[in-house]
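S.K.: Sequence plus predicted model, see below.
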Amino acid sequence: MGIGSGSLNCLPDEIMVKILAALPVLNLVRNRVVCKRWNEVLSSASLQEMWAHMSLPQPRDSWTLFYDNNHGEAAMYNVGMNRWFALPLSSVVPSQFQIANTSARGLLCVTGHVRGNFVVGMCNPLTQAFRQLPPLLHNRYHADVSAMDAPDSAAGYKILATGYRVLEMDVTSEIYDSQSDCWRVLDKHPKKRKLARYVHDYPVHQSCSLDGKFYFFTNDSDGGHGSGQIVGFDTYDDVWFSVESPQWIVLRRSLYWNPCLLARNGCLILAGGAKCSKTCSSQPGCSSIQIWKLDLVAPGGEWMEIARMPAPMFRRFHTQFETFRCFGHGEFVLFMSSSRPQMIVYELSSGAWSWLHNGLLQPNFEYLRLGLLSWSFKGFSFNPGLHASP
């Protein structure tokens, strides 16, 4: 029996909503093309509200969004399914916007220039909703932007933007609150010279948020090499602060490759490639891939190494002339190589390392299959949802 004459189409809308709301989010999006009535039901506010109440996160329901602004490509990857899902954004996001390396509440953050002004927007690629946020109070050429779920709101989010003002040499920061729908300039800035230098003068490679605080991993040299620094911003007190780096970065002056910073269960997790400059400074590439944890709850907490990629796996995964990327989300940390269509995943809860075969066979990123892992190729955690509204 065809879908058009099937029993579902004979049901009232309220019954169809209850049935369809039990489907996974991406199945809902795909089923919109079945027929006009399904599209209307699946796009309705009643279904989105019911889906939000029925949808429960699964243990392996971890999504990472990969994108390349230079090539105009984006796709989502699910670790538990080991599957890619295309994410067409050209019909949702205006052409003058590009994906920023952050998301909140199931919304993607995008930035661009409109009539010469730097602007920020939010979109839900599943519901095809997009909104340009109010203009920043200070015009900028560019700004590092990070988003977070507002801890005191069931549906709100906050965005922190830091960058140089147009025709000015000083750097200012602004924060946006979706509840008030406005930006405000932060009066307090880092007082310590070193902290100010890391916050304002060097690019942010990774960011995450926890309990109303932003955390950033910055770098003091171009290209991802050099001694890293972790800084934070407390949205409650409008205070910048620094976080002590792991001992192997500070004492052994290790070089850190492609870091990944994520928050989990009251802890910061830092992962990536490292090498000791005292013993192998003349050799390219990294000598190990490590994962460290810092307990933010315990007083006087220190960084602890919790995992190191097994040597046989490391030798197979990485050579001294290869590049790789590191992405983290929820329970998982992903490592992607430039020379082979495979990924390695580390599961934080079990401590297990494993290969994910055919991980890169996503048609949207055809150039990856040629071993061309561009520096513009990035990824970050993203929790898709139908209920998220920009």
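M.R.: Right, received. Where do you want to start? What you see is a predicted model, and the numbers here were worked out from it, not measured in a lab.
S.K.: Please report the distance of residue 32 from residue 46.
M.R.: 15 Å (C-beta to C-beta, to the nearest Å). (Glycine included, C-beta is placed from N, CA and C.)
S.K.: quick one: which of these two has more around it?
M.R.: residue 32 (16 against 13; other C-beta atoms under 10 Å).
S.K.: Check whether the more buried one really touches residue 40, as I assumed.
M.R.: No - if you go by C-beta atoms under 8 Å, residue 32 and residue 40 don't touch, sitting 9.1 Å apart.
S.K.: those helices in the stretch 51-200 of the chain, which residues are they?
M.R.: 193-201 (DSSP state H, counting those that start in this stretch).
S.K.: can you list the weak-confidence ranges in it?
M.R.: Where the stretch 51-200 of the chain drops to pLDDT under 70, the residues are 52-61, 71, 152-154, 166-170, 188-200.
S.K.: okay, now the spatially closest residue to residue 37 that is not a sequence neighbour: neighbour count?
M.R.: Leaving aside its sequence neighbours, residue 37 sits nearest to residue 9 (C-beta to C-beta, 6 or more residues apart in numbering; 6.5 Å). Applying other C-beta under 10 Å, we find 15 residues neighbouring residue 9.
S.K.: surely residue 9 meets residue 40?
M.R.: No - if you go by C-beta under 8 Å, residue 9 and residue 40 don't touch, sitting 11.9 Å apart.
S.K.: tally of neighbours for the residue nearest to residue 62 when sequence neighbours are not counted?
M.R.: Nearest residue to residue 62 in three dimensions, chain neighbours excluded: residue 330, at 4.2 Å (C-beta to C-beta, 6+ apart). Number of residues near residue 330 (other C-beta under 10 Å) recorded here: 20.
S.K.: if I read this right, residue 389 contacts residue 126, doesn't it?
M.R.: No - with contacts counted by C-beta under 8 Å, residue 389 stays clear of residue 126, the gap being 11.3 Å.
S.K.: Once you drop chain neighbours, what's closest to residue 309?
M.R.: Going by C-beta to C-beta, 6+ apart, residue 309 has residue 289 as its nearest residue, at 4.1 Å.
S.K.: So what pairs up with that neighbour in the strands?
M.R.: residue 273 (DSSP bridges).
S.K.: Please identify which of residue 389 and residue 126 sits among more neighbours.
M.R.: Neighbours were counted for residue 389 and for residue 126 using other C-beta under 10 Å; residue 126 has more, 20 against 17.
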